[in-house]
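S.K.: Attaching a predicted model along with its sequence, questions to come.
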Amino acid sequence: MKIGMSHGAGGELMQDLISDIILSNIRNTRVNGGVGLEDLDDGASIPLGEYEIVISTDGHTIDPLFFPGGDIGKIAVAGTVNDISVMGARPIAIASAMVLSEGFRGEELERIVRSMDAVSEETGVSIITGDTKVMEKDKLDRMIITTTGIGVVKRGEIVRDSGLRPGDMIILTGSVGDHGMALMAFREGFGYDTELESDVAPVWEMVEAALSTGGVTAMKDPTRGGIANALNELAEKSGVGMVVEEERIPVKEEVLAVSEMLGIDPYEVANEGKVIIGVDPEYADEVLDAIRKTRYGGEAQIIGEVNSERHVILETRLGGRRILEAPVADPVPRVC
Amino acid sequence: MYRAHIIVEGIVQGVGFRPSVYRLADETRLTGYVRNIGNAVEIVVEGERSRLDEFIARLKTEKPPISRISNVKVDFERIGKLSFHDFSIKESSSEFSGTSVIPADVATCDLCLGEIMDEDNRRHLYPFTACTDCGPRFTVIESVPYDRERTSMREFPLCESCMEEYLNPLDRRYHAEATCCPECGPELFLYRKKVMETDDPIMRAAELLDMGKIIAFKGIGGTHLVCRADDDDAVMELRSRLGRPGQPFACMSPDLESIRRYAVVSEREEKVLKSRRRPIVVLNKSRDYCLAPSVAPGLHNIGVMLPYSGLHHVLFRYTDAPAYVMTSANRPGDPMLVRNRDIIEGLDGIADYFLLHNRRIVNRCDDSVVRFRGGEMAFIRRSRGYAPEPYDLTGISGDVSALCLGPELDVTFSVLRKGQCYVSQHIGNTSRYDTFLFLKEAVEHLMNITGTDELDVVACDLHPRFLTTGYAEEVAEELSAEILRVQHHHAHSLALMFDNMVDECICIAADGVGYGDDGTSWGGEILHCTGPEYRRLGSLMPQKMPGGDLATRYPARMLLSILGEYHDAEELREIFTRRYIHYFPHGEREIDTVIKQLESGLNVSLSTSTGRVLDAISAALNICGRRTYEGECTMKLESAAFAARGHLKIPFEVKRSKGRYILNTSGILLQVMDLLERGEDVNEIAYAGQRAVAEGLAEMAVLAAVDTGVECIGGTGGVFYNEAISLAVRDYINREGYGFIQHRNSCAGDGSVSLGQAVLASLKYG
Ligand SMILES: [Fe+3]
Ligand SMILES: [Mg+2]
Ligand SMILES: [Zn+2]
Ligand SMILES: [Zn+2]
């Protein structure tokens, strides 16, 4: 086989690639019985004494490097902090490796590094080690940043993406589709004359608010493949189904407009500052209140309820029900 | 002396078959018994050989009207003495599992109608009156053998008078499983927030309808939303409440005379309208059309049916309405509502009143729809009155058993067993969850009543993402059956070829969409089909669909994409802001976006669909550029063309590329635009454009026929509902000296994809 773009798009094709080529060829995948590679969660863990160290790593490439609402530096730190956060762990440190292409402009790099610093400052996560390499111009398109995050959580308090139980409520912390749609619109030449902005932001504050209220059963950040992918993954890994009300999923007007013009489903495109949280119904309202008080959580909503069936069902605005499927790739529409 | 042991399969239960056997045995003076076993009928008769032979011969010719015999198996045995001294009808037994099936529902027969209208009859005005010749069958049955205790009629124990009829072999209601009377049968009631006090709910409903109200009628196999069809305000109100701005509503009229006040009825159409199956027939509107314009807006034709249940007959007694709108009560894409509580909740805010009854609808079954094209009938939807009567695949399918799950939209599924292919009732759009659940339920049920518990093959569409595909994979694994993935247009073609008993054919498969074997979307294909194989010998020119499915709902995007090859961005912007801005919900900004999208290729897929090209012509002519229901733009194009004299002609061009013939659809669109700019009449251009597409398809088929030496050409796919296209293709092909076949006893559209899948399963595994 040959790797295609859709193999990296977060959909089913990527899942296949991971299990067929990667997982099947790695033998040691777990430490001390913590969360390991084949769990395919947002990160992994190493139990140590009373704590577990949570680790997550992410290679960031993005076109364009600078976009409305952020840049690659902001995503590189926030994205990894978010992956640590949705494991239920307090993020504490970041290691960062940069590969730059020959000829990359120093001023741009500086802008990017400052963005990284800003997120690190905001979240209290230190960037404690790094690496820098340069490649020939024609071997690499501008830059790749790989960040590895480290977090800590009390032993046994890790939040998995497989913990949903029938009856749980699903909380979504804000509007969907902003990042993916902003980037697409930008690339399609809308330029800056739309109000579209990426939502890239660290989610730890919201996660911490939820965790300290209690009742959280599962978490996931709906990045590639959007909420369609994240909800399906949560359901599948937990062995449950859910019913989600379309009316309660916030979508910004401008995101909707672009989605209606391009024919791309806002549920299937990436978010970079949102969390989907499964909560024990007894705690749901309290958790929702706590999240809404945070900086990025003002629009949080309870969007649905977990059941013991198998599909993610969307109750549409018109009153019908449809199955919300995970996209094949992001954003590849169904041909027919 | 001989004993004959006879097994009769076919439609032999619930149709008065046993009493007719009883009478025949009586007349031929034979002894023995008859009984229902599983889903077949078993007869044991004893007597002289010559009289046995007479019995068997007459059995086949003197069967009751609704019955259909597919197979008779006879074993003779020489016997010393008779073991029966009379002939009797014995209790049913369920031990045998044959290939028979219970019949479809049948419209009220003349005798029952006579009773309903007879003031002195105990069934006077009783809407549930039925006998062995008429009434519900498929819609009430839970399992086989077809006996009252396995139908929803079991909740209505027969009164003494009914029981007498039921037990008398010489009565027309002998073992009429759905028989009942006002004394013992289901009851109607009118509901609005609570059950309303009224002596005569039907009369009251008619009065309310006359006042312009909208009423939900729970009928035999489903629920209708009803209002007067000559009351434009009422129809418009129904449209706005349903959120269906333009979808044509079917009508019901009391008699042909009333139909003739708004539609033209040919002799053949009349025959089908009055048949006991009572489908909706799509008729051309007449010049003095007297109904509300909003019933079938923008179309030259209208779907019409005659009353098929006692309820309808009684209703029309109380009104002078020439027709009522009777449209399926469901939310768009969802299955028709059949449970009282669902009806009341689901139609809250849509129906003003509810005319309900207390009999359960076991199998939901939508009205069937047929249309004639140049005198030949085709199904648009084959459901009530027909399903689940099997197609006979004996000789092709061997002993293979298969479940075929169809495509995604307009789904039917089929169960193939012992040479019989039972195509289900209309299921609908299975991308909707509730429709998907209905599919699963209906599959279970049809497998049950056909006695199918093992499967060799589960067939599905080639499309990897259809829910029906996933479901097929599940069932195949569960029952360790082979999975067979069938290309959509190949399935269309095989259904057509089976319908015409042809085993090699050049098929024109023209429709909206189907997943191609190259992963792109097809829909204007020339396929050479032989046995289980096909080769794609031609297609329409692949066109870009900017925004994927969005281009289906907004065909002006198709037009933009097609014209985009010939104009620069500036010209496109000018043309589209001047002529078509109203077809873009986001205005100029959207036009710009689509232009850029076509450049970058983001979410742009390719399609050879005929529907998309016809849509684009429809949009170009400002006939329809925004689809609010399936097929709208194409149907309206046909209606516009119907009004033309036909003096314009658009030439077309067929090229060869990549080993197949390609019809240059862009060229056709360019000329459409040209004629439009020159100020030609829109209807005339519609006619010419539509005809160019038709003849282009025909030309490719003829070229393919010449290349392959195949003599038969066929037309399949939803595009062949279009009468003008069907006739243009047929005439072109006939002129070139080839025969042309069309669907006759099957759907031209996706409703027969599951049948085509069954044919392939038969060819491959049979
Ligand atoms: Fe089709
Ligand atoms: Mg992640
Ligand atoms: Zn009758
Ligand atoms: Zn009775």
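M.R.: Nice, thanks for sending it over. Ligands and ions are numbered 1, 2, ... in the order given.

S.K.: what pairs with the residue with the shortest distance to the centre of chain B across the strands?
M.R.: Computing the C-alpha centroid of chain B and ranking residues by Cα atoms, centre = their mean puts B:R381 first, at 1.6 Å. Here B:R381 sits in beta bridges with B:V369, as judged by DSSP bridges.

S.K.: Now do the strands in the stretch 51-200 of chain A.
M.R.: A:51-60, A:66-67, A:70-71, A:90-101, A:126-135, A:143-154, A:169-172 (DSSP state E, counting those that start in this stretch).

S.K.: returning to that earlier point: check what pLDDT the residue nearest to the centre of chain B gets.
M.R.: At B:R381, the pLDDT value in this model is 97.

S.K.: quick one: contacts for it?
M.R.: B:D366, B:D367, B:S368, B:V369, B:D410, B:H426, B:C747, B:G751 (Cβ atoms under 8 Å, 6 or more residues apart in numbering or on different chains). Every C-beta, even on glycine, is put in place using the N, C-alpha and C of the backbone.

S.K.: How about A:E136?
M.R.: Neighbouring residues of A:E136 by Cβ under 8 Å, 6+ apart: A:S101, A:E102.

S.K.: ok, now with 6 Å
M.R.: Contacts for A:E136 (Cβ atoms under 6 Å, 6 or more residues apart in numbering or on different chains) come out as A:E102.

S.K.: how close does it sit to A:P281?
M.R.: When distance is defined by Cβ to Cβ, to the nearest Å, A:E136 is 57 Å away from A:P281.

S.K.: returning to that earlier point: kindly compare burial across the strands of the stretch 51-200 of chain A and name the winner.
M.R.: strand A:169-172 (a mean of 25; mean count of other Cβ atoms under 10 Å in any protein chain shown).

S.K.: Can you tell me the strand partners of that one and which way each runs?
M.R.: strand A:276-279 (antiparallel), strand A:301-307 (antiparallel).

S.K.: Quick check: which element contains the closest residue in space to B:L82 that isn't next to it in sequence?
M.R.: Residue nearest to B:L82 in three dimensions, not counting chain neighbours: B:E46, with 5.1 Å by Cβ to Cβ, 6 or more residues apart in numbering or on different chains. Element membership of B:E46, judged by DSSP states H and E, is strand B:40-47.

S.K.: Surely B:S666 and B:S561 touch.
M.R.: No. Using Cβ atoms under 6 Å, B:S666 is not in contact with B:S561, being 9.5 Å away.

S.K.: Longest helix in chain B, please.
M.R.: Ranked by residue count and defined by DSSP state H, the top helix of chain B is helix B:682-708.

S.K.: C-terminal to it, what's the next element?
M.R.: Following helix B:682-708 in sequence, per DSSP H and E, is strand B:712-716.

S.K.: helices and strands around the following helix or strand past that next one, which ones?
M.R.: Sequence order places helix B:723-735 as the next helix or strand after strand B:712-716, per DSSP H and E. Helices and strands touching helix B:723-735, by 3 or more Cβ pairs under 6 Å, 6 or more residues apart in numbering or on different chains; DSSP states H and E, are helix B:682-708.

S.K.: end-to-end on stretch B:543-563?
M.R.: Using Cα to Cα, to the nearest Å, the span of stretch B:543-563 from its first residue to its last is 10 Å.

S.K.: For A:V119, list the residues it contacts.
M.R.: A:K74, A:V77, A:A78, A:P202.

S.K.: Could you do B:L621 as well?
M.R.: Counted by Cβ under 6 Å, 6+ apart, B:L621 has contacts B:V682, B:I685, B:A686.

S.K.: measure it to B:R261 for me?
M.R.: 31 Å.

S.K.: same question, A:T29
M.R.: On the measure of Cβ to Cβ, A:T29 and B:R261 end up 77 Å apart.

S.K.: Which of these two has more residues huddled nearby?
M.R.: B:R261 (15 against 11; other Cβ atoms under 10 Å in any protein chain shown).

S.K.: what secondary structure does the more buried one sit in?
M.R.: With DSSP: H, G, I helix; E, B strand; the rest coil as the basis, B:R261 sits in coil.

S.K.: In the stretch 101-250 of chain B, mark out all the strands, start to finish.
M.R.: Under DSSP E, counting those that start in this stretch, the stretch 101-250 of chain B gives strands at B:188-192, B:194-195, B:215-218, B:223-228.

S.K.: rewinding a little: could you export the strands paired with strand A:169-172 as JSON lines, including mean pLDDT and distance to B:T634?
M.R.: What follows is these, written out as JSON lines (pLDDT from 0 to 100; distance: least, Cβ to Cβ, whole Å):
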{"stretch": "strand A:276-279", "mean pLDDT": "98", "distance to B:T634": "41"}
{"stretch": "strand A:301-307", "mean pLDDT": "98", "distance to B:T634": "38"}
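
S.K.: Which among those strands is found nearest to ligand 3?
M.R.: Minimum separation from ligand 3 across these (Cβ to the ion) falls at strand A:301-307, 46.0 Å.

S.K.: Give me the contact list for the closest one.
M.R.: A:164, A:166, A:168-172, A:240-244, A:248-249, A:284, A:288.

S.K.: quick one: which of those is nearest to ligand 3?
M.R.: A:V243 (45.2 Å).

S.K.: On the three-state scheme, that closest one is what?
M.R.: Going by three-state DSSP: A:V243 is strand.

S.K.: That one against A:H311, yeah?
M.R.: No. Counting by Cβ under 6 Å, A:V243 does not reach A:H311; the two are 9.0 Å apart.

S.K.: low-scoring pLDDT stretches of the stretch 51-200 of chain A, where are they?
M.R.: A:190-193 (pLDDT under 70).

S.K.: could you redo the last one with a cut-off of 80?
M.R.: Scanning the stretch 51-200 of chain A for pLDDT under 80 picks out A:188-194.

S.K.: Which residue does it have closest to ligand 4?
M.R.: A:P166 (47.1 Å).

S.K.: how near is the closest residue to that residue other than its chain neighbours to ligand 3?
M.R.: Take A:P166 and drop its neighbours on the chain: the residue closest to it by Cβ to Cβ, 6+ apart is A:S308, 4.3 Å away. From A:S308 across to ligand 3, the span is 47 Å (Cβ to the ion, to the nearest Å).

S.K.: Need the pLDDT of A:S308.
M.R.: Reported pLDDT for A:S308: 96.
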